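Asker: with the sequence up front, the predicted model follows.
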Amino acid sequence: MNTGDGPDNAGTSDAELLRAHVDGDREAFGELVRRHRDRLWAVALRTIGDREEAADAVQDALLSAHRNAARFRGDSAVTTWLHRIVVNASLDRIRRRQAHPTVPLPDGSRSDDRPSGVEPAAPVTDHETSLLVRQALADLPADQRAAIVLVDVQGYPVAEAAEILDVAVGTIKSRCARGRARMALALGELRGRDSGHPRSGNQDAPETVPSGPGTAQPPPGRNERRDQR
Amino acid sequence: MTGAEFSGVDIDLLADYIGGALEGTPDESAVATLIAEDPDWREAYESLSGGVTLVQSELGRLEPEPMPADLAARLDGMFSAPALTLVKGDAAAPTAEPAGRRRRWVTPIAIAAGFIAFVGFGADYLAGTSNDTQSDESASSTAGGGSADQAMSAPSEVILATGTNYTRATLATEPASSLASSGKASPPAMGAAEADRSRIALEDPALTRLSAPAALQECFEAIERENAGGVIGVQTVDFARFDGVSALIVRFTAENGDWVWAVGADCGTRPAGADEFDKVPVR
């Protein structure tokens, strides 16, 4: 793995783009956003669980990054920095929702810590299982959910997830482990079913910070999420 | 998590063990001993291990979710660098530019009472541009693309970037470079070709976002909502300061009168709303 800021196919690294933005290049930040927007969106959406709020979180986060780019010290990969800002914006929105509870819908389905509903369209196959998994994920405490979204859904190495969430590696492991256990218990009916699907996620990934620039390519497939980083 | 079926078992501790969070700690061997010697722990371990593996498998199978096209387009608009230009017309995107003419943009502001009001905004930043040219463009824009309602509610607004440091006492003062009516002259502060947006960014990076037409429109919409005086007709927008802080000075008319609002750099964002610093009526 590289450092996360290596050059892309066009020969410009994320770090170079950010530097160019700070130096006044009006196109550089937009290019940086285009490279990483799908992954940033996915993290926000899975963490918040509400499309409108996720969109606002991403927009606010990127505006903040745009304004504060000069403060980026290069201690981490640019992608890590961007993800940290987006995750923080997402968690802030969840906390704000908790602090200012909304009036429950008539069916009482909305809680203030969890997404307002199961998010987006599930694959045609195993649709029911996918819905159950999404709901169980949505029911987790926000910190556990954020860790699982990064590691198990998006495929980030534990070490980078720790960096993004600004906690120790052991904390990420614990949050993921406890979250998975909660989900396993909640999804008890899934046990015993044929689990012939290839195991994915990132439980065995090396705890190194990934590298490579983001890419303007389409989002990676289920088993290659880290390949582009 | 219920875990009721695993009485006497610390599920979180067991989960940490399964997830490797206890590696290298005294608890690791302690839990291993419990699993080896306590049937309840062993049963919970076997059950939970399989469940966790299945959960990880299912989580890894969740389909990727690309960013929605509308959000991607919004971000493109915010972070791309087209020159801020005369805005007026009938679409939310730049229109083809007739030879020898400046581009026009359309900025729908509000849908109210069954009609659509359009508020154009613009900056004729071409140094030495003739007044007649802009007037012609305004006329052709109205005639060519807009409905009658659009024409009625589509005054030409002027965008300035004076950098003036306003206070509450001076807020209602007409900007020195403001135009008596739009389309009659070029704003002196916007003299360099295709430089207005970058100039705003250079002079006050905090206001860069608002130099994008889409963001400015959202700001107008936020002001309109918070003003609660019906559809607003924006007359001038000045990229300036208020009490030393980066601010947009927006002069507009509405059913509740003529106003000047000083709004902050976050105007139009969801958390901030209009991000209002101050407002005064114009008498």
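Answerer: Thanks, I have it. Numbering: from 1, shown residues only, chains lettered A, B, ... in the order given.

Asker: you'd agree residue B:278 is up against residue B:262?
Answerer: Yes - assessed by CB atoms under 8 Å, residue B:278 is found in contact with residue B:262 at 4.8 Å. In short, each C-beta sits where N, CA and C put it, glycine included.

Asker: spit out the residues that contact the two alike.
Answerer: Common neighbours of residue B:278 and residue B:262 (criterion: CB atoms under 8 Å, 6 or more residues apart in numbering or on different chains): B:171, B:242.

Asker: residues near residue B:170, how many?
Answerer: 13 (other CB atoms under 10 Å in any protein chain shown).

Asker: no wait, residue A:178
Answerer: Around residue A:178 there are 26 residues (other CB under 10 Å).

Asker: what's the nearest residue to it if we skip its chain neighbours?
Answerer: Leaving aside its chain neighbours, residue A:178 sits nearest to residue B:15 (4.7 Å; criterion: CB to CB, 6 or more residues apart in numbering or on different chains).

Asker: in a helix, that's where the one you found is, yeah?
Answerer: Yes - assessed with DSSP: H, G, I helix; E, B strand; the rest coil, residue B:15 lies in a helix.

Asker: from residue A:174, how far out is it?
Answerer: 8 Å (CB to CB, to the nearest Å).

Asker: so residue A:65, which of the three states?
Answerer: Taking three-state DSSP, the label given to residue A:65 is helix.

Asker: and it, what does it touch?
Answerer: By CB under 8 Å, 6+ apart, the neighbours of residue A:65 are A:29, A:81, A:82, A:85.

Asker: quick one: residue B:66 from residue B:78, how far?
Answerer: Taking CB to CB as the measure, residue B:66 falls 18 Å from residue B:78.

Asker: okay, stretch B:39-51 in CSV with CA atoms only?
Answerer: The C-alpha coordinates for stretch B:39-51 follow below in CSV (Å, rounded to 0.1, in the frame of the first residue of the first chain):
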residue,chain,number,x,y,z
PRO,B,39,-19.9,-24.5,29.3
ASP,B,40,-22.0,-21.3,29.2
TRP,B,41,-19.0,-19.4,27.9
ARG,B,42,-18.1,-22.1,25.5
GLU,B,43,-21.7,-22.2,24.1
ALA,B,44,-21.8,-18.5,23.8
TYR,B,45,-18.4,-18.4,22.1
GLU,B,46,-19.4,-21.0,19.5
SER,B,47,-22.7,-19.3,18.8
LEU,B,48,-21.4,-15.8,18.7
SER,B,49,-18.4,-16.6,16.6
GLY,B,50,-20.6,-18.0,13.9
GLY,B,51,-22.9,-15.1,14.1
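
Asker: nearest residue to residue B:168 in space, please, no chain neighbours.
Answerer: Leaving aside its chain neighbours, residue B:168 sits nearest to residue B:278 (5.4 Å; criterion: CB to CB, 6+ apart).

Asker: same deal with residue B:161?
Answerer: Nearest non-adjacent residue to residue B:161, counting by CB to CB, 6+ apart: residue B:239, 4.1 Å away.

Asker: lowest-scoring secondary structure element of the chain by mean pLDDT?
Answerer: Let's take chain A. Within chain A, no helix or strand scores below helix A:127-138, which has a mean of 84 by mean pLDDT, DSSP states H and E.

Asker: wait, chain B
Answerer: When each helix and strand of chain B is scored by mean pLDDT, DSSP H and E, strand B:115-118 comes last, with a mean of 26.

Asker: sorry, back to before: so residue B:66 and residue B:78 - more neighbours on which side?
Answerer: Neighbour count, other CB under 10 Å: between residue B:66 and residue B:78, residue B:78 has more, with 23 against 14.

Asker: show the pLDDT at the more buried one.
Answerer: At residue B:78, the model reports a pLDDT of 83.

Asker: hey, C-alpha coordinates of the helix or strand hosting it in PDB?
Answerer: Per DSSP states H and E, residue B:78 falls inside helix B:69-79. Only the C-alpha atoms of helix B:69-79 are listed here, as PDB (Å, rounded to 0.1, in the frame of the first residue of the first chain):
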ATOM      1  CA  ALA B  69     -26.200  12.900  -9.200                       C
ATOM      2  CA  ASP B  70     -27.900  16.000  -7.800                       C
ATOM      3  CA  LEU B  71     -25.500  16.200  -4.900                       C
ATOM      4  CA  ALA B  72     -22.500  15.500  -7.100                       C
ATOM      5  CA  ALA B  73     -23.700  18.300  -9.400                       C
ATOM      6  CA  ARG B  74     -24.200  20.600  -6.400                       C
ATOM      7  CA  LEU B  75     -20.700  19.900  -5.200                       C
ATOM      8  CA  ASP B  76     -19.300  20.400  -8.700                       C
ATOM      9  CA  GLY B  77     -21.000  23.800  -8.800                       C
ATOM     10  CA  MET B  78     -19.600  24.700  -5.400                       C
ATOM     11  CA  PHE B  79     -16.000  23.700  -6.100                       C
END
